[in-house]
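Enquirer: The sequence isn't on hand, but the structure is:
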C-alpha cells in the first residue's frame, strides 16, 4: 500500500471517529442541561444507536454493496449526516431531538462498515496493515474529546455543529478515496443477520458466550450514557477530556492482549475483562472529585481492559471457533447481538434506573450516583458467575477451531 493511499485511509479513520466522539460522549450532559431531559429520555436517545446498529447491515448489505461504489455511498451518507447534525443543533424540544438523532444514527452506522470495507480493499495483508490505519480512528476520538472538554463545550450545542462541520468535510473527502466498486453480489437476509452461523449454537460454550455477550452490554450502556453527566455532576473538571484516557488505555491493552490470550486462554481473559467491569463501576460508586479522584481515573482507565479483554477477545474466539464459510456471518451475528440487542436493552434500563434515583431539589435534579453505579456492577457480577460456571471450552479445542 503506497503512502498516498495509506494517508487517505488514515485520514478517513481519524475523521470517521472524530465525528462520533464529538457529540456522543457528551450527549447526556447536553440533554440534562440544555433540553432539561430526564434520565429515561437520555437512555432512549442512546438507544437510537442500537436501533441503527440493527438496521444498518441491511443498508450496506442490500443496497451499498450491491449497486454503488463504497466511497460514493460513504460520501453521500456523511453529507446527509452533516445536514442532520446541524439541524439537531437548532431544535429545542426533546421529541424533535430524539427523531433527528435516530435519523442521524441510521445515516452514520453504515459508514463504519463502509470505511472498513474501503480500507480492507486496498490492503494485501489486512492483519498487518489495518491496525496501523485503524489506530487513527481512536486518535480522532481522543482529539475530539480533548477539544470539546478544554473548550468547555460539554453542555453546548456546538458539539453537534463541530461534528456537522467535520461530517461535511469527510463527505467531500470520501469522493477522493480509492475506488471500491460495488460487489454486484446478491445478498440474503439470512447472510446479513448472520443466520448462516446458527450452526455454532450446537455448542454449549458458544451459547453461554453469546448470552453473556448480550448481558454484559447492559452495564456497558450505563458507561456510555451516564459517565459524562456523572463526572460533571460531581464536579470533575474537563470530564470529556479525561474520559479519553479510556481510549488511550484501549490502545495500550490492545498491544498486551495477544500475549495474555496465548498465556491464559480465552476463558481467563474474558473473565479478567468482566472483572474489570465490576471494578470500574465500584470505583465510580465510591470515588469523588476530591481525595477519591484516583478512583474516577481508575474507572476510566479500566475501559481498555473492559473493552479489549471482552469484545476483542470475543472476536478472536469467534474467528477461531467458526469455520471459514460462516466466520463473517458469526462476527455479524455477535455484533448484532451486542451493539444491537444488548445495548438497546441496556440503554433503556440505564435510563429507567437512573431516573429512579433522581430527586428534584429546589428545581435542580440530583442523583444518587453511588446506588446507580451499583446496578451495573451487580449485573457484571451475575454475568461472571454465569460465565465461569457454564463456559466449559477447552483451550486446545478453541485454538484448533474445532467444534
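Expert: It's in. Everything numeric here is computed off the predicted structure, so don't read it as measured data.

Enquirer: would you list every one of the helices in the stretch 1-150 of the chain?
Expert: 3-23, 27-33, 39-59, 65-67, 70-88, 94-121, 126-150 (DSSP state H, counting those that start in this stretch).

Enquirer: Just the buried residues of the first one, please?
Expert: Taking 16 or more other Cβ atoms under 10 Å as the basis for neighbour counts, the residues of helix 3-23 that come out buried are 6, 8-23. No exception for glycine: its C-beta is placed from N, CA and C like everyone else's.

Enquirer: Quick check: which of the helices of the stretch 1-150 of the chain is nearest to residue 284?
Expert: Closest of these to residue 284 is helix 27-33, at 14.3 Å (criterion: Cβ to Cβ).

Enquirer: Flag every buried residue along the closest one.
Expert: 27, 28, 29, 30, 31, 32.

Enquirer: Give me the contacts around it.
Expert: Residues from elsewhere that reach helix 27-33, judged by Cβ atoms under 8 Å, 6 or more residues apart in numbering: 37, 41-42, 45-46, 94, 97, 101, 154-157, 159, 225-226, 228-229, 232, 239, 365.

Enquirer: In ChimeraX, how would I select the buried members of those residues?
Expert: If you want just the buried ones from the contacts of helix 27-33 in ChimeraX, going by 16+ other Cβ under 10 Å, the selection is:
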select :37,41,42,45,46,94,97,101,154,155,156,157,159,225,226,228,229,232,239
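
Enquirer: Please state the offset of the longest helix along the chain from the chain centre?
Expert: Secondary structure of the chain read by DSSP state H shows that its longest helix is helix 204-233. Computed by Cα atoms, centre = their mean, to the nearest Å, the chain-centroid distance of helix 204-233 equals 10 Å.

Enquirer: So for it, what gets flagged as buried?
Expert: 205-206, 208-233.

Enquirer: shaky segments in the chain?
Expert: Residue ranges of the chain with pLDDT under 70: 59-66, 126-127, 182-197, 324-329, 394-403.

Enquirer: Next one: residue 102 from residue 318, what distance?
Expert: According to Cβ to Cβ, to the nearest Å, residue 102 and residue 318 sit 29 Å apart.

Enquirer: follow-up on the earlier one: distance to residue 243 for the helices of the stretch 1-150 of the chain - can I get that in CSV?
Expert: As requested, the helices of the stretch 1-150 of the chain are exported to CSV (distance: least, Cβ to Cβ, whole Å):
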stretch, distance to residue 243
helix 3-23, 10
helix 27-33, 11
helix 39-59, 15
helix 65-67, 34
helix 70-88, 21
helix 94-121, 20
helix 126-150, 6
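
Enquirer: Among these, which comes closest to residue 166?
Expert: Comparing the helices of the stretch 1-150 of the chain against residue 166 with Cβ to Cβ, the closest turns out to be helix 3-23 (5.0 Å).

Enquirer: tell me the contacts of residue 177?
Expert: With Cβ under 8 Å, 6+ apart, residue 177 has these contacts: 8, 9, 12, 71, 74, 118.

Enquirer: Can you tell me, leaving aside adjacent residues, what's nearest to residue 286?
Expert: Spatial nearest neighbour of residue 286, chain neighbours left out: residue 295 (6.1 Å); criterion: Cβ to Cβ, 6 or more residues apart in numbering.

Enquirer: what's the first-to-last distance across stretch 347-364?
Expert: End-to-end distance for stretch 347-364: 23 Å, by Cα to Cα, to the nearest Å.

Enquirer: List the buried residues for it?
Expert: Going by neighbour count (16+ other Cβ under 10 Å), the buried part of stretch 347-364 is 347, 348, 349, 350, 351, 353, 354, 355, 357.

Enquirer: So which of the residues you listed are in helices?
Expert: 347, 348, 349, 350, 351, 353, 354, 355.

Enquirer: Relative to residue 163, how far out is the residue lying closest to the third one once chain neighbours are set aside?
Expert: On the basis of Cβ to Cβ, 6+ apart, the spatially nearest residue to residue 349 that is not a chain neighbour turns out to be residue 218, at 5.9 Å. Using Cβ to Cβ, residue 218 is found at 27 Å from residue 163.

Enquirer: just to revisit the earlier point, dump the buried residues of stretch 347-364 to a markdown table, plus distance to residue 322.
Expert: Below are the buried residues of stretch 347-364 laid out as a markdown table (distance: Cβ to Cβ, whole Å):
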| residue | distance to residue 322 |
| --- | --- |
| 347 | 28 |
| 348 | 31 |
| 349 | 30 |
| 350 | 31 |
| 351 | 35 |
| 353 | 35 |
| 354 | 37 |
| 355 | 40 |
| 357 | 42 |
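
Enquirer: any idea which residue sits dead centre in this structure?
Expert: For the chain, the residue nearest the mean C-alpha position is residue 339 (7.1 Å; Cα atoms, centre = their mean).

Enquirer: and residue 365, helix, strand or coil?
Expert: With DSSP: H, G, I helix; E, B strand; the rest coil as the basis, residue 365 sits in strand.

Enquirer: right, and it touches residue 358 too?
Expert: Yes. At 5.2 Å, residue 365 counts as touching residue 358 under the criterion of Cβ atoms under 8 Å.

Enquirer: who touches both of these two?
Expert: With Cβ under 8 Å, 6+ apart, residue 365 and residue 358 have common neighbours residue 38.
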